[in-house]
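> Have a look at this fold, sequence not included:
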């Protein structure tokens, strides 16, 4: 198991030589990754400050989160609401020397930039997302185990969906059935999309009050977390005997899905894997109906690097986890999407986390 303190030291080493004097980590997902604790300060300032030159690390949190700060084992400072964070920031950065360049995450609140300028004056900001993404893309065995547990719980949700689908139930009702089954399996349900009938041709359709009808195609896309790590699976069902057109489309999507997984190897790019799945669908005349990338990375976020898309030219490293989810969507009629969660193990072995494959 990699300790959070080891990740902090690795981040400091990765930032050396990049011209960054001070790094500020404030998004909940990266704080979780680096500290091991869920920290969400809402409108209050909460951040991990790293003085790159000296290696000094300080976690700054509101006084009400001191218990969480203690649990991290990292040096920390707190502040009261009536004080504000400026005094704590001044103390944390006093040993950094001249701060000319500050590293920020791309999704950091803009107010953190303003708060820091209130203490340090003028400085140049630098994007450190590539450094953090390069660390987080490689999962250790504990992270892989958490993702696997999330996937197992989602599969229980899919089994529950298969048993519960019947004429007259609504998309929202079926989504609740799936979420409850995931929770009973020990994971935290995330977004559960149920898309029935013509709605199945809209990939990000949110479940509504439409009642499922005989002959419908139903796409179920479910996410869940275990120990804060995501799984994400999609299956396509039918209520009643599927049509010949559906069978043809389903077969093409399954072929694209399987071919892409068979092509996965460490060192290949996401763009190449995307081209394998897309090639199957394009050769059969449905390229214009495959309207999204083939996959995305999984971890502490449901969408993170690596991306299995035509513009992702980075090699897939050992330890990376991602989805393979080709789809064909016929507007006004129906859609088919199949999604699996794939890992390239630390030994280079390709791992398919999911195993539940109901026939429609």
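Alright, I've got the coordinates. Since we're looking at a predicted model, the values are computed, not measured.
> In a helix, residue 107, correct?
No - using DSSP: H, G, I helix; E, B strand; the rest coil, the assignment for residue 107 is coil, not a helix.
> For it, which residues are in contact?
residue 27 (CB atoms under 8 Å, 6 or more residues apart in numbering). Where you see a C-beta, it was placed from the backbone N, CA and C, and this is true even at glycine.
> how far away is it from residue 30?
9 Å (CB to CB, to the nearest Å).
> intersection of neighbour lists for those two?
By CB under 8 Å, 6+ apart, no residue touches both residue 107 and residue 30.
> All the strands of the stretch 201-350 of the chain, in order from the start?
217-226, 229-238, 295-297, 304-308, 321-324, 327-330, 334-337, 340-344, 350-352 (DSSP state E, counting those that start in this stretch).
> What count of nearby residues applies to residue 5?
Using other CB atoms under 10 Å, residue 5 has 15 other residues around it.
> what's near enough to touch it?
Residue 5 touches 73-74, counting by CB under 8 Å, 6+ apart.
> repeat for the one 5 residues further on
For residue 10, the contacting residues are residue 135, by CB under 8 Å, 6+ apart.
> What helix or strand is it located in?
helix 4-15 (DSSP states H and E).
> Show me what counts as buried in that helix.
Buried residues in helix 4-15, counted by 16 or more other CB atoms under 10 Å: 4, 7-8, 11-12, 14-15.
> now swap in stretch 276-296 and tell me
For stretch 276-296, by 16+ other CB under 10 Å, it's 276-278, 280-281, 286, 289-290, 293-296.
> what about that stretch, average pLDDT?
Summarised as a single mean, pLDDT over stretch 276-296 is 98.
> Need the contact partners of that stretch.
For stretch 276-296, the surrounding residues in contact (CB under 8 Å, 6+ apart) are 203, 249, 252-253, 255-257, 259-260, 263, 270, 273-274, 302-304, 307-310, 322-330, 339, 342.
> Just the buried ones among these, please.
For the contacts of stretch 276-296, buried by 16+ other CB under 10 Å: 203, 249, 252-253, 256-257, 259-260, 270, 273-274, 302, 304, 307-309, 322-330, 339, 342.
> And the helices in this structure?
4-15, 28-35, 66-72, 86-93, 110-120, 129-136, 141-164, 171-184, 244-263, 270-283 (DSSP state H).
> can you redo those as a markdown table with distance to residue 351?
Output for the helices of the chain, formatted as a markdown table (distance: least, CB to CB, whole Å):
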| stretch | distance to residue 351 |
| --- | --- |
| helix 4-15 | 23 |
| helix 28-35 | 21 |
| helix 66-72 | 31 |
| helix 86-93 | 41 |
| helix 110-120 | 38 |
| helix 129-136 | 18 |
| helix 141-164 | 8 |
| helix 171-184 | 21 |
| helix 244-263 | 10 |
| helix 270-283 | 15 |
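> Which of the ones you listed sits closest to residue 52?
Residue 52 lies closest to helix 4-15 among those, at 4.9 Å (CB to CB).
> quick check: angle from the closest one to helix 129-136?
140 degrees (axes from the mean of the first three to the mean of the last three CA atoms, to 10 degrees).
> Contact partners for the residue lying closest to residue 66 once chain neighbours are set aside?
Excluding its sequence neighbours, the residue lying closest to residue 66 (CB to CB, 6 or more residues apart in numbering) is residue 78, at 5.1 Å. Counting by CB under 8 Å, 6+ apart, residue 78 touches 60-63, 65-66, 69, 88.
> Which member of the residues you listed is positioned nearest residue 143?
residue 69 (23.1 Å).
> circling back to that earlier point, between the strands of the stretch 201-350 of the chain, which one is closest to residue 144.
Taking those one by one with CB to CB, strand 340-344 is closest: 5.9 Å.
> how close does residue 37 get to residue 75?
Residue 37 is 14 Å from residue 75, by CB to CB.
> now residue 41
Residue 41 is 18 Å from residue 75, by CB to CB.
> next one: residue 177
47 Å.
> These two: which has the busier surroundings?
Of the pair residue 177 and residue 75, residue 177 is the one with more neighbours under other CB under 10 Å, namely 19 against 12.
> these two touch, right, residue 199 and residue 171?
Yes - contact criterion CB atoms under 8 Å: residue 199 and residue 171 qualify, at 7.3 Å.
> check contacts around residue 123.
Residue 123 neighbours (CB under 8 Å, 6+ apart): 21, 99-102, 116-117.
> at 10 Å instead, please
For residue 123, the contacting residues are 21-22, 98-102, 113, 116-117, by CB atoms under 10 Å, 6 or more residues apart in numbering.
> and the gap between the residue positioned nearest the centre of the chain and residue 273?
Nearest to the mean C-alpha position of the chain, counting by CA atoms, centre = their mean, stands residue 302 at 2.1 Å. Distance, residue 302 to residue 273, by CB to CB: 19 Å.
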